[in-house]
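**Q** My questions concern the predicted model and sequence given below.
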Amino acid sequence: MTATTTAGPLTSPTHAAYLAGQDPVLTASDISITYEVDPPVHAVKGASLTLHRGEILGLAGESGCGKTTLAYGLNRLLKPPAILRSGEVTFHDADGADVDVVGLRGDALRAFRWDKVSMVFQGAMNSLNPVISVRDQLQDVMTTHRPQMSRAARGARSAELLELVGVDPVRLDSFAHELSGGMRQRVMIAMALALNPQVMIMDEPTTALDVVVQRGILREIMKLREQFGFAVVFITHDLPMLLEISDRIAVMRDGEIVEIDTAESVYARAQHPYTRTLLASFPSLTGERGAFVRGGGPATEEGEES
Ligand SMILES: Nc1ncnc2c1ncn2[C@@H]1O[C@H](COP(=O)(O)OP(=O)(O)OP(=O)(O)O)[C@@H](O)[C@H]1O
C-alpha cells in the first residue's frame, strides 16, 4: 500500500474507505501553536484532524511531540505563553449547528467546555480537591452547568455517575485520600461524563496506574462509549494500548501529524518510518494483542484495585 499524498500525514485506501460512512463531530484544520518563550517553541505545526461521532481516535507520539498542546488547543484551554497562531476548530453539534470553537468567548465558551467536549487531564487523579467530598465535586459540575437541576436530581445523578464508572456510590462521602489511584481516576472520568458530552479528550488517563487497574478502566471507557456514543480523543505514548482500543490512530512527531490510519492498518502496514520505529520500540507487539481489553472478560470491580 502506498502513501496517497506527498504533503500532510501518510494514510491508506483502507482509511479512505473507513471515512466514507463517518459523521464528523470535531474538525480541526491547520492548527499551529507556539509557546512564546525565548527561543519560541513551535509545539504544534499545521496539524489537521477530524474526529467522528462515536469513534475512538488515538493520538500517539513520544513525550514532548505536542499531543497535550494540541488537545488543549482543541478545547480552548491554552494559556500563555501558549498562543494559537493559526487554525480553525469546528464542533458539529448533534443538533445540527456548527460551532466555531476558536471564536467562542465568555459564557458561550464555558457552556461549550464540559457540556459538549470534556477533558480528563494528564495526572487528573491527583487534581481532585482534597478537602471536598466526591459528592460535592461531582455536584459542582452540575451546579455550575445545570443551575436549574434540583438538589435531589443532582444527588441521584452523582450516584448514577459513580455506578457508571464502576465505583460504589457509598464512595460519594469519601475524600480523595480515601480512594485508590484507580478509583480517583474513575471519579475524574465520572466528572467528565456528568453532562453527557459528545466528545471526551483523555490525556494519558491511565498512565500512572498499574496494568490491571489500567485495563479495568480502559474496558469501562469502551463500555461507556458503546452506551453513550461519545467520541474520544485518547492521548498516550503507549502505542500498543492505542492499537487495542482505537478505531483510528494519528501519529504525531515534532508537532506534526505524520500518519493517520485505522488501527488495523497502523498495526499491519504502518507507512511512516517513525510509526514503524515506534511500533518496533514495543516488543510486546510481537505477541498477542488486544485479547485482554477487546476480548471482554468481567469489567474490573472496585475491589480489584483496593
Ligand atoms: N509552558 C511551556 N513553555 C514552553 N514550552 C512548553 C510549555 N509546555 C510545553 N512546552 C513544550 O512544548 C512541546 C510539546 O509539549 P506537550 O506537553 O504538548 O507534548 P506531549 O506530547 O503532550 O508530551 P507529554 O506526553 O510528555 O506531555 C515540548 O517541547 C514542551 O517542552
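**A** Nice, I can see it. Residues are numbered from 1 along each chain as shown.

**Q** What residues does the protein have near the ligand?
**A** Proximity of the chain to the ligand is confined to 35, 37, 41, 43, 61, 63-69, 81, 237 under the rule C-beta under 6 Å from any ligand atom. In short, each C-beta sits where N, CA and C put it, glycine included.

**Q** Put the buried members of these into a PyMOL selection.
**A** Isolation of the buried members of those (16 or more other C-beta atoms under 10 Å) is achieved in PyMOL through the command below:
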select buried, resi 41+43+61+65+66+67+68+69+237
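
**Q** now, which of the residues of the chain next to the ligand lie within strands?
**A** Among the residues of the chain next to the ligand, the ones falling in strands (DSSP state E) are 35, 41, 43.

**Q** quick one on the thing from earlier: could I get the residues of the chain next to the ligand in CSV, plus columns for distance to residue 215?
**A** Listed next are the residues of the chain next to the ligand as CSV, based on distance: C-beta to C-beta, whole Å:
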residue, distance to residue 215
35, 35
37, 38
41, 35
43, 31
61, 22
63, 22
64, 27
65, 25
66, 28
67, 22
68, 23
69, 28
81, 38
237, 17
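
**Q** which one of the residues of the chain next to the ligand is nearest residue 18?
**A** Taking C-beta to C-beta as the measure, residue 18 lies nearest residue 61 of the residues of the chain next to the ligand, at 20.9 Å.

**Q** Please name the nearest non-neighbouring residue to the closest one.
**A** By the measure of C-beta to C-beta, 6 or more residues apart in numbering, the closest residue to residue 61 outside its immediate chain neighbours is residue 252, 3.6 Å from it.

**Q** Tell me the confidence at residue 212?
**A** Reported pLDDT at residue 212 in the predicted model: 86.

**Q** Just to be sure, it is in a helix?
**A** Yes - checked against DSSP: H, G, I helix; E, B strand; the rest coil, residue 212 lies within a helix.

**Q** State the distance from it to the ligand.
**A** The spacing between residue 212 and the ligand, counted by C-beta to the nearest ligand atom, to the nearest Å, is 23 Å.

**Q** and which of the residues of the chain next to the ligand is nearest residue 98?
**A** For those, the closest approach to residue 98 (C-beta to C-beta) belongs to residue 69, at 24.3 Å.

**Q** what's the average pLDDT for stretch 217-232?
**A** Averaging pLDDT along stretch 217-232 gives 94.

**Q** Any chance you could give me it in CSV, C-alpha atoms only?
**A** In CSV, the C-alpha atoms belonging to stretch 217-232 read as follows (Å, rounded to 0.1, in the frame of the first residue of the first chain):
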residue,chain,number,x,y,z
ILE,A,217,-10.6,1.5,33.3
LEU,A,218,-10.0,1.1,29.6
ARG,A,219,-12.7,-1.6,29.4
GLU,A,220,-15.0,0.8,31.3
ILE,A,221,-14.3,3.7,28.8
MET,A,222,-15.0,1.4,25.9
LYS,A,223,-18.3,0.2,27.5
LEU,A,224,-19.4,3.7,28.2
ARG,A,225,-18.6,4.8,24.7
GLU,A,226,-20.8,2.0,23.4
GLN,A,227,-23.6,3.0,25.8
PHE,A,228,-23.5,6.8,25.2
GLY,A,229,-21.9,7.1,21.8
PHE,A,230,-19.5,9.9,22.7
ALA,A,231,-16.3,10.2,20.7
VAL,A,232,-12.9,10.0,22.3
